[in-house]
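Asker: Return atomic coordinates for the entry below.
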Amino acid sequence: MSRRIRSGVLATAIGLAGVGCDPEPPPVVAAKKIEEQKVVVPELKPPIKPAQSDESAAQLLKESLAAHTGGHPERLDKLKNCSFARSGVVNMSNGVFPALWKMDLIWPDRYRMHAEIQMGATVTRTFARSPAGAWQYPPDNPQDKLEKQPLDAEAARTLTAQFQEDCVGLLFPLADPATVTVRATDETLAGKEVIGLHVWTPALDYVLVSIDKKSKLLTRIVYNGREARMNMVKEVVVTEHQEFDGVKLASKMYVKANGRNLADWHKLTITTDKPVDPKVFDAP
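Answerer: Numbering: from 1, shown residues only. Modelled structure (predicted):
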């Protein structure tokens, strides 16, 4: 498989389609199909952002953060500078393939994603953003030098949306004093009663949050995100939590965009005790 084709394949897999140029990769043997999750795609119509939080909604969000942190929401601060990885499978037009995403972030403006996908051989691609700009590696054109290539505006916006999604998944924006929340409609998700909250954060401008009524743990986020250079409704549904250094985070989850399965993540690893070197956001 040529490097140019590999780049296009992986760009599509992580929602940055169009960064690579080849429309269809060659046939490969697919992994086991992602199990379909019976979740109705919500029609996301954010309400007008209020000047301040509704008291009952703020209390419910506070209770949820306490459930995630053992009553110590300050533990979330360490997640503003961390490295983490998710392993599982990604769903593409020609099959479902094992994947590993490795991320580094420093809130509020540095993010790096190194993606690996198993398609016979291991295909890799790195994307990053910092105040200096956004880039990818390797470049699209196989004739170019092996050095980072600047992302165009559309691809950079998609990468930023993924960064914001990951931050909310790590919970710390929900604990920010600038976050505003009001009650949304409660519903049943995968047989569990969940509390709905409209939330505006310093990361995602708006996100619909679902919280398990019994455990108070976050079970789903829905927001107007981006995939394949287009705006679309993104859903991240948590199926299992695991405690990492005193904080319960989503260890298993699946991701959809406009109702289509994108990925099923089976495992999370995270490192918070070693600060991320800012240099990793500026060079491959």
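Asker: Tell me the gap between the lengthiest helix in the chain and the middle of its chain.
Answerer: Ranked by number of residues, the top helix in the chain under DSSP state H is helix 153-169. Here helix 153-169 is found 8 Å from its chain centre; the criterion is CA atoms, centre = their mean, to the nearest Å.
Asker: cool, and stretch 167-183?
Answerer: On CA atoms, centre = their mean, the centre of stretch 167-183 falls 15 Å from that of its chain.
Asker: repeat for stretch 62-81
Answerer: Using CA atoms, centre = their mean, the offset of stretch 62-81 from its chain centre is 19 Å.
Asker: same thing with stretch 111-129?
Answerer: For stretch 111-129, the distance to the chain centre is 15 Å (CA atoms, centre = their mean).
Asker: Can you give me the first-to-last residue distance of it?
Answerer: Start-to-end span of stretch 111-129 (CA to CA, to the nearest Å) is 5 Å.
Asker: ok, which stretches of the stretch 151-284 of the chain are strands?
Answerer: Along the stretch 151-284 of the chain, the stretches classed as strands by DSSP state E, counting those that start in this stretch are 180-183, 187-189, 192-200, 207-212, 218-227, 230-244, 247-257, 260-271.
Asker: hmm, who's touching the shortest one?
Answerer: By CB atoms under 8 Å, 6 or more residues apart in numbering, the residues outside strand 187-189 that reach it are 39, 193-194, 196, 210, 219-220, 237. Where C-beta positions appear, they are placed from N, C-alpha and C, glycine not excepted.
Asker: ok, residues contacting stretch 64-83?
Answerer: So stretch 64-83 is contacted by 62, 102-107, 170-172, 174-175, 211, 215-218, 241, 245-249, 270-272, 274-276 (CB under 8 Å, 6+ apart).
Asker: looking only at pLDDT, what's the mean for the longest helix of the chain?
Answerer: The pLDDT scores in helix 153-169 average 97.
Asker: how about it: buried residues?
Answerer: Residues 155-156, 158-169 are the ones in helix 153-169 that count as buried (16 or more other CB atoms under 10 Å).
Asker: Among those residues, which one sits closest to residue 230?
Answerer: residue 158 (8.7 Å; CB to CB).
Asker: count of residues packed around the nearest residue to that closest one once chain neighbours are set aside?
Answerer: Of all residues not flanking residue 158 in the chain, residue 226 sits nearest, at 4.4 Å (CB to CB, 6 or more residues apart in numbering). Counted with other CB atoms under 10 Å, the neighbours of residue 226 add up to 22.
Asker: Please tell me I have it right and residue 226 contacts residue 153.
Answerer: No: if you go by CB atoms under 8 Å, residue 226 and residue 153 don't touch, sitting 12.0 Å apart.
Asker: Helix, strand or coil: sort out residue 75 for me.
Answerer: Per DSSP: H, G, I helix; E, B strand; the rest coil, the local secondary structure of residue 75 is helix.
Asker: Give me the distance between it and residue 202.
Answerer: 18 Å (CB to CB, to the nearest Å).
Asker: Those two - which one has more neighbours?
Answerer: Counted by other CB under 10 Å, residue 75 and residue 202 do not tie: residue 75 has more neighbours, with 20 against 17.
Asker: For residue 61, see how far away the more buried one is.
Answerer: 16 Å.
Asker: Just the closest of the contacts of strand 187-189 to residue 259, please.
Answerer: residue 39 (8.3 Å).
Asker: Could you report the neighbour count for the spatially closest residue to residue 275 that is not a sequence neighbour?
Answerer: In space, and not counting its chain neighbours, residue 275 is closest to residue 81: 5.4 Å by CB to CB, 6+ apart. A count of nearby residues for residue 81, using other CB under 10 Å, gives 16.
Asker: so residue 242 makes contact with residue 253?
Answerer: No: Residue 242 is not in contact with residue 253 according to CB under 8 Å; the separation is 11.2 Å.
Asker: out of these two, which sits in the more crowded spot?
Answerer: Between residue 242 and residue 253, residue 253 has the larger neighbour count (other CB under 10 Å), namely 24 against 14.
Asker: Okay then, goodbye and thanks.
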